[in-house]
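Student: need the 3D shape of this:
(2 chains)
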Amino acid sequence: MADPAQAHPAHAGAEPVVRLVEEIAVQFEHRPPDAAAAEIAAHLRRFWDPRMRRRLVDAVAAGAVGDPVVVRVAQVLAPGVPAR
Amino acid sequence: MTLLEEPDFGTPARPGQATVEVTVDGVALTVPPGTSVMRAAAQAGCAVPKLCATDSLEAFGSCRLCVVEIDGARGTPASCTTPVAPGMVVRTRSEKLEKLRRGVMELYISDHPLDCLTCSANGDCELQDMAAATGLREVRYGSGVDAGANHMDLPKDTSNPYFEFDPAKCILCSRCVRACDEVQGTLALTIEGRGFGSTVSPGGTDFLSSDCVSCGACVQACPTATLQERSVVELGLPTRSVVTTCAYCGVGCSFKAEVRGSGEATEVVRMVPLKDGGANQGHSCVKGRFAFGYASHPDRVLAPRIRESISDDWREVSWEEAIGFAARRLRAIQAAHGPGSIGAITSSRCTNEEVYVVQKMVRAAFGNNNVDTCARVCHSPTGYGLNQTFGTSAGTQDFASVDDADVIMVIGANPTDAHPVFASRMKRRLRRGAALIVADPRSIDLVRSPHIEAAYHLPLAPGTNVAIVNAMAHVVVTEGLVDREFVDARCEGFDEWAAFIAEPANSPEAVEEITGVPAADVRAAARLYAGARNAAIYYGLGVTEHSQGSTMVMGMANLAMATGNIGRRGVGVNPLRGQNNVQGSCDMGSFPHELPGYRHVGEESVRDIYNELWGVEVLDEPGLRIPNMFDAALDGSFRALFVHGEDIAQSDPNTAHVEAALSALDLVIVQDLFENETARFAHVLLPGTSFLEKDGTFTNAERRINRVRPVMPARTGKQEWQIVCELAQAMGYPMHYDDAAQIMDEIALTTPTFSGVSFAHLDAVGSVQWPCTTERPEGTPIMHVDGFVRGLGRFVPTRYVPTRERSTRRFPLILTTGRILSQYNVGAQTRRTANVAWHPEDLLEIHPHDAEVRGIADGDRVELSSRVGTTSLRASISARMPVGVCYTTFHHPVSGANVVTTENSDWATNCPEYKVTAVQVTPATTQAAVERGEAPVGAGRG
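Tutor: Residues are numbered from 1 along each chain as shown, chains lettered A, B, ... in the order given. Coordinates of the predicted model:
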């Protein structure tokens, strides 16, 4: 398997799905955190392949995400994502 | 089909009811007010001889050949410039008229070379026709070189690669000059000199050096061989026509492909825009009319190729072997890595039918939803934004609607380069008085061109679209310019949105520092837009290819709804689609979350339709988008990709990342006309068919479904949809159609908005705009007339969030990318035509100040670097660039503009942020390879 960090310096140390969800989360910063998390989770269910949602949940579980809204998104998504 | 000659009524049709009764040569008829006598006569079947008149141009009245007699009128007026009047009685034939016309013809012929037998227009010359029609038998003044002073020694202008100008054959009818003025709107031609010394001139220089954009309208308008296609000179006149649709931009022009020969010996002589073409009404651009030579270019791949590894040489094999090889490896990869480890990308250059079968192959044979389309990297935010607000993922108007617009706002689009035929129509409306607002960092040609000047040019900083549209909406809401009646009756969510938009942070004054646009101009532009009887928005990739592309689309929809500019002619929110079938490829279920007709895969009732028809269980979860496929390739969960007619290695952002992803895949299957950049990473190369060989439909930016008819047999021996079906079958999924019409029948059967569409219907009516249903077979030119597709139009608050791509000390400039007129996207087609005469390489446009402080002179080779890569190209110093912003195109692989573009994307759709990249530009002195203009250098390589 190729190492994304080597192949793409801009991604070094960051899971692509974390970057993507952070791009989404910043659009919802003006919303109350729970509402934002619910809307983002609904967006991800509608548009993201399940493996991406899985990787996000895993990244949050691994402590790779600090944004509390994204953490909450992962909690909302976790029950529905497929196992690896 | 024999050569299709469309009738010419001499002057344009006039709108309105036919209320004026006239009699022409004893034939009574009723025509609309303002109709010329010439046109009325032609409609009565009494065509009047003419030379300076043609029905694509306003009457000019110079040739005096069309004289008629009118009861009660003095003399013999020109029928082209004389409008009908109630009760008018006209005679088009009499001894007196015939004598007058012969006299006129004598004068013309006395200064015309009598070389008809060897003239390229022999048999297609109106002068020749009129000599016959008037019964000319002798020329009393002599003729040809014997007639005394004449123009027959004037030299030819052969500078243009596609047509010649032979002034010796010119009759000074001014049709070429008027076509350039009225049809194209470039005003590149003029009549120079006076009296006998008058000549047609492209501004005192040759055609290639002039302002001429080579649209060919002058060539088409010329009644003689004065302006003649080189192909006609070289090949002779065509013998038959096939009506089909252009395969370049999203305007979707209809053409007559005029050809010689048949079967495999078919040779295209010229492409002539169809007067009845719904999108183009007889006009074209340099690409559509002339740049078709790529279809017969020796670089075409005509036989399948395979190789075990991308380091191996290609091996040419049979179709059966190539398809079997691909199918076995796809199934093996799925067996090893799971059903979701493979996927496909559909092409916006291919027909609806071809796209439909690719997404069907993915969903039914691959058993997943990993299908995406190149619209991902252009107009996916349009789909998202208009769906959220209006309920459907498409523009609201037909092109003709612009004729009724009083204010036209162009945002992030450069129509004169990227959508030239629609731009000509827009410019015609602007010359007639509509006001123009342009929001674009660059001073694009529309801002100031002959007889057109934008009322307001808002030169916003790249990445600040949402701030500008919010500021305009702020003015509308806070200055009481809202159309309350429309909003109350037709929309929802207004109060919440209005409260948001009225926040001081959204005022023009507050965002002036962000956007760089004076607040007073924003306020004035907003008042102009809101105060218009009809105001229309046209936008392009300068809206969508941003981190807030979807937000901006919703912002424009909000603005249009707040001012009531939806649901009638002259208004609307109109995406100018990039490729010929972007709309269609999206319509056909190319997105990983949507089945055909924009229905989410999670909708059980929709899946049931396909489950039953296809005999499979369509997955209810979305698949991977293109950028996600690249990421998944690098994480190892995605292993094989079928790329249908798209060159992702050149067109997608951050080339190093794309190439790393492609290199990581176990199998890449490319189907294309040429061995493109992506094919460097492919294991299977399947040859594709050009638009001249395809049988199917394209859907243009106005939702118009047009037929694409085969002009010649497929040079590869197979239609592309057949190849896809065979691949699906080789994977064990039965998929067969007898012809492309059957595929459209399946689309109509399963997609409500297409339920009235069939090849037979399109052949009967020409084209239709979806929704086209059995109840509404004529289609839907204007959407949301009585209500929005989603019921009520939805206002969505659109908070401005700056892109994280910022200029820095290391990368102090912002690069934005786009297209130019003569080239098309990655250039695979246009680079293989004579269009390279206008644009042989990509250039970096840079403001004089930015160039000077870097020691860069015009034409210097420079190094262009971003945080992800470096490339090299020549600089073009241009005052139309704002300070701090530079611009380039992405038509040539050697310059590789996407080496420097980044992974940033629209938050909702992952459409790449091509329009904002922080860069540095320096004289190219650091690397020998760069100095020589060799391959670009991407970060992450080597």
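
Student: against which helices or strands is the longest strand along chain B packed?
Tutor: In chain B, ranked by residue count with DSSP state E as the criterion, the top strand is strand B:869-877. The contact analysis (3 or more C-beta pairs under 8 Å, 6 or more residues apart in numbering or on different chains; DSSP states H and E) places strand B:869-877 against strand B:843-846, helix B:848-853, strand B:861-865, helix B:928-931, strand B:937-938. Using the backbone N, CA and C atoms, a C-beta is placed for each residue, glycine as well.

Student: mind running it again at 10 Å?
Tutor: helix B:655-664, strand B:843-846, helix B:848-853, strand B:861-865, strand B:885-889, strand B:917-923, helix B:928-931, strand B:937-938 (3 or more C-beta pairs under 10 Å, 6 or more residues apart in numbering or on different chains; DSSP states H and E).

Student: any idea how far the closest residue to chain A within the stretch 301-450 of chain B lies from B:Thr351?
Tutor: Closest residue of the stretch 301-450 of chain B to chain A, C-beta to the nearest C-beta: B:Gly340 (6.8 Å). Going from B:Gly340 to B:Thr351 by C-beta to C-beta, to the nearest Å gives 28 Å.

Student: which one's more surrounded, those two?
Tutor: B:Thr351 (32 against 24; other C-beta atoms under 10 Å in any protein chain shown).

Student: for that one, what are its contacts?
Tutor: If you count contacts by C-beta atoms under 10 Å, 6 or more residues apart in numbering or on different chains, B:Thr351 has them with B:245, B:247, B:357, B:580-581, B:584-585, B:588, B:689, B:691, B:694-699, B:707-708, B:719-721, B:740, B:743-744.

Student: repeat that for 7 Å
Tutor: Contacts for B:Thr351 (C-beta atoms under 7 Å, 6 or more residues apart in numbering or on different chains) come out as B:581, B:694, B:696-698, B:708.

Student: count of residues packed around the nearest residue to B:Phe290 once chain neighbours are set aside?
Tutor: For B:Phe290, ignoring the flanking residues on the chain, the nearest one in space by C-beta to C-beta, 6 or more residues apart in numbering or on different chains is B:Tyr162 at 4.2 Å. Look at B:Tyr162: counted by other C-beta under 10 Å, it has 21 neighbours.

Student: the helices in the stretch 551-700 of chain B, which residues?
Tutor: In the stretch 551-700 of chain B, the segments counted as helices under DSSP state H, counting those that start in this stretch are B:582-587, B:604-614, B:626-635, B:648-651, B:655-664.

Student: mean pLDDT lowest for which of these?
Tutor: Lowest mean pLDDT within these: helix B:648-651, at a mean of 91.

Student: what about the helices in the stretch 351-500 of chain B?
Tutor: Under DSSP H, counting those that start in this stretch, the stretch 351-500 of chain B gives helices at B:352-360, B:380-389, B:415-418, B:420-431, B:465-478, B:484-490, B:494-501.

Student: show me where pLDDT drops low in chain B?
Tutor: Scanning chain B for pLDDT under 70 picks out B:1, B:144-146, B:926-942.

Student: okay, which residue is most central for it?
Tutor: Nearest to the geometric centre of chain B sits B:Cys249, at 2.6 Å (C-alpha atoms, centre = their mean).

Student: if I look at the closest residue in space to B:Val482 that isn't next to it in sequence, how far off is B:Ser878?
Tutor: Closest residue to B:Val482 apart from its sequence neighbours, by C-beta to C-beta, 6+ apart: B:Ala562 at 5.2 Å. Between B:Ala562 and B:Ser878 the distance is 36 Å, computed by C-beta to C-beta.
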